[in-house]
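> This is a predicted model, with the sequence first.
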Amino acid sequence: MALDNAVMEGLVEEAERVFDRPPRYHAFRTARRPYVYDTNTGRILSTDSLGLSLLEALGKPGFSRFAQDKAREVGDDKVCVALEKILGLATDHDPRLLSTEAPEIGRYCSNHDAYRHALDAKLEQLCVVPTNACDLDCHYCIYSGKHKNRTGHTTETMTRNTLESALAYFVAHTAETELPAFGFYGGEPTLVFDQIKHATSYLGREMGNRKFNMTLNTNLVNVTDEMIDFFVEHGTNLFISLDGPKHVHDRYRVFPDGSGTSSLVMDNLRRIRDRDAVYYERHVSFLATLAPPVWSHDVIPVGTTWAGGPCLDTRNASNQPCV
């Protein structure tokens, strides 16, 4: 279909030539504007509603008609500007943005064969989510149900077959890795302790004499004596969520009834340390989510002495910001 504006007609023809197929991207929105995640380069590009609508139509039948309809709706000039920006992204960058092609494995690696070999035999870490369930209701959690476009926790649990498929993949792709790590995330992994035991047993059998690490992210409120004994026996690395002293930690990390979890976490840390102080020193680390309002003098004391002896060591602590 011929367009009324010759400039726009040329831009539409160029867009149809460059985008013979739909570009590869994922769109998402914030409260302020839409954005595009370019899947081939990992870059995030800001856009507006008009630009996003044109992107969604590119590479599909009827793009010319769609562009003409948009021009009548918002004006030729706006459509021309939007198309020029899109074409600029696609033609003026190396590597190209908004590509219609899937990325070639090893494209940015000088030795493609070495890159492929690394993928096949040198996997360093594999992390699974054995359950989406959690026994807490932390306010900042992306799965709390309090955030737009995010689902809440569910009772869905990974099947044994799926877990064993992940374990088999881990065994097959770590043949040349010095010390690979298999990890559990969540949800709260301790709610499916049988899966952790099964995975540890499976890897102990299938990895043979090869060494590996087992890691577990946990809120530490559900830990039992059986679990502690198991973690100590197998040298499981625990990454424990602890945001700071009680008045900081309990602001966000709460049970569904709103009560804080700090006291229980600290009691369970004491139980682990009393069970095996060497294990505690070597295999227990901490993850602090820094959520506003937060001040250094609120967080630092958690790394000092507690209950007559060292509870936390800032050498084993890491933090992640929450905006």
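Great, that's in hand.
> what's the next secondary structure element after the lengthiest helix in the chain?
The helix of greatest length in the chain, counted in residues with DSSP state H as the criterion, is given as helix 76-91. The first helix or strand that comes after helix 76-91 along the chain, using DSSP states H and E, is helix 112-121.
> still on that earlier bit, for the longest helix of the chain, which residues meet the burial criterion?
Within helix 76-91, the residues that qualify as buried by neighbour count (16 or more other Cβ atoms under 10 Å) are Asp76, Val79, Cys80, Ala82, Leu83, Ile86, Leu87, Leu89, Ala90. Where you see a C-beta, it was placed from the backbone N, CA and C, and this is true even at glycine.
> Touching it from outside, list them.
Outside helix 76-91, the residues that touch it by Cβ atoms under 8 Å, 6 or more residues apart in numbering are 4-5, 7-8, 11-12, 14-15, 18-19, 23, 45, 48, 50-51, 54-55, 58, 67, 70-71, 96-99.
> Centre of the chain to it, how far?
For helix 76-91, the gap between its own C-alpha mean and the chain's C-alpha mean amounts to 33 Å (Cα atoms, centre = their mean, to the nearest Å).
> that older thread, from the contacts of helix 76-91, keep the buried residues only.
In terms of neighbour count (16+ other Cβ under 10 Å), the buried residues within the contacts of helix 76-91 are 5, 8, 11-12, 15, 18-19, 23, 45, 50-51, 54-55, 58, 67, 70-71, 96-99.
> just to revisit the earlier point, need the buried residues of helix 76-91 in CSV (columns: distance to Gly204 and pLDDT).
Below are those laid out as CSV (distance: Cβ to Cβ, whole Å; pLDDT from 0 to 100):
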residue, distance to Gly204, pLDDT
Asp76, 68, 91
Val79, 62, 94
Cys80, 64, 94
Ala82, 58, 94
Leu83, 59, 94
Ile86, 53, 94
Leu87, 56, 94
Leu89, 50, 90
Ala90, 51, 90
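> what's the following helix or strand after the helix or strand hosting Arg205?
Secondary structure assignment for Arg205, by DSSP H and E: helix 193-206. Per DSSP H and E, helix 193-206 leads on to strand 213-218 as the next helix or strand towards the C-terminus.
> which intervals of the stretch 151-300 of the chain have sub-threshold pLDDT?
Residue ranges of the stretch 151-300 of the chain with pLDDT under 70: 294-300.
> can you do 90?
For the stretch 151-300 of the chain, residues meeting the criterion pLDDT under 90 lie at 151-156, 186, 244-245, 288-300.
> Now do the strands for this protein: every range, in order, please.
For the chain, the strands defined by DSSP state E occupy 25-29, 34-38, 44-46, 125-128, 181-184, 213-218, 237-241, 284-290, 305-306, 309-310, 317-321.
> So which of those is nearest His173?
With Cβ to Cβ, the closest approach to His173 among the strands of the chain belongs to strand 125-128: 8.1 Å.
> which helices and strands does the closest one pack with?
Here strand 125-128 is seen to pack against helix 160-172, strand 181-184 when contacts are counted using 3 or more Cβ pairs under 8 Å, 6 or more residues apart in numbering; DSSP states H and E.
> Export the ones you listed as JSON lines, with columns for mean neighbour count and distance to Ala121.
As requested, those are exported to JSON lines (neighbours: other Cβ atoms under 10 Å; distance: least, Cβ to Cβ, whole Å):
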{"stretch": "helix 160-172", "mean neighbour count": "15", "distance to Ala121": "9"}
{"stretch": "strand 181-184", "mean neighbour count": "21", "distance to Ala121": "16"}
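> will you turn those into TSV that also has distance to Phe255?
Putting those into TSV (distance: least, Cβ to Cβ, whole Å) gives the following:
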stretch	distance to Phe255
helix 160-172	28
strand 181-184	22
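> domain ranges for the chain?
Per automatic domain parsing, the structural domains of the chain span 6-91, 112-321.
> what's the closest of those domains to Pro103?
Nearest to Pro103 among these is domain 6-91; the distance by Cβ to Cβ comes to 4.7 Å.
> Please state the offset of that closest one from the chain centre?
How far domain 6-91 lies from its chain's middle: 28 Å, per Cα atoms, centre = their mean.
> returning to that earlier point: TSV for the domains of the chain, including distance to Pro103?
Putting the domains of the chain into TSV (distance: least, Cβ to Cβ, whole Å) gives the following:
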stretch	distance to Pro103
domain 6-91	5
domain 112-321	12
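> quick one on the thing from earlier: quick one: which of the helices and strands packed on strand 125-128 is nearest Gly244?
Put simply, out of the helices and strands packed on strand 125-128 the one that sits nearest Gly244 is strand 181-184, at 24.1 Å, with distance taken as Cβ to Cβ.
> Tell me the strands beside that closest one, with direction?
Listed by DSSP bridges, the sheet partners of strand 181-184 and their directions read strand 125-128 (parallel), strand 213-218 (parallel).
> Keeping just the C-alphas, turn the first one into CSV.
Translated: strand 125-128. Listed in CSV are the C-alpha atoms of strand 125-128, where the atom choice follows Å, rounded to 0.1, in the frame of the first residue of the first chain:
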residue,chain,number,x,y,z
GLN,A,125,27.7,-24.1,38.9
LEU,A,126,24.1,-25.2,38.5
CYS,A,127,21.3,-23.8,40.8
VAL,A,128,17.8,-25.2,41.0
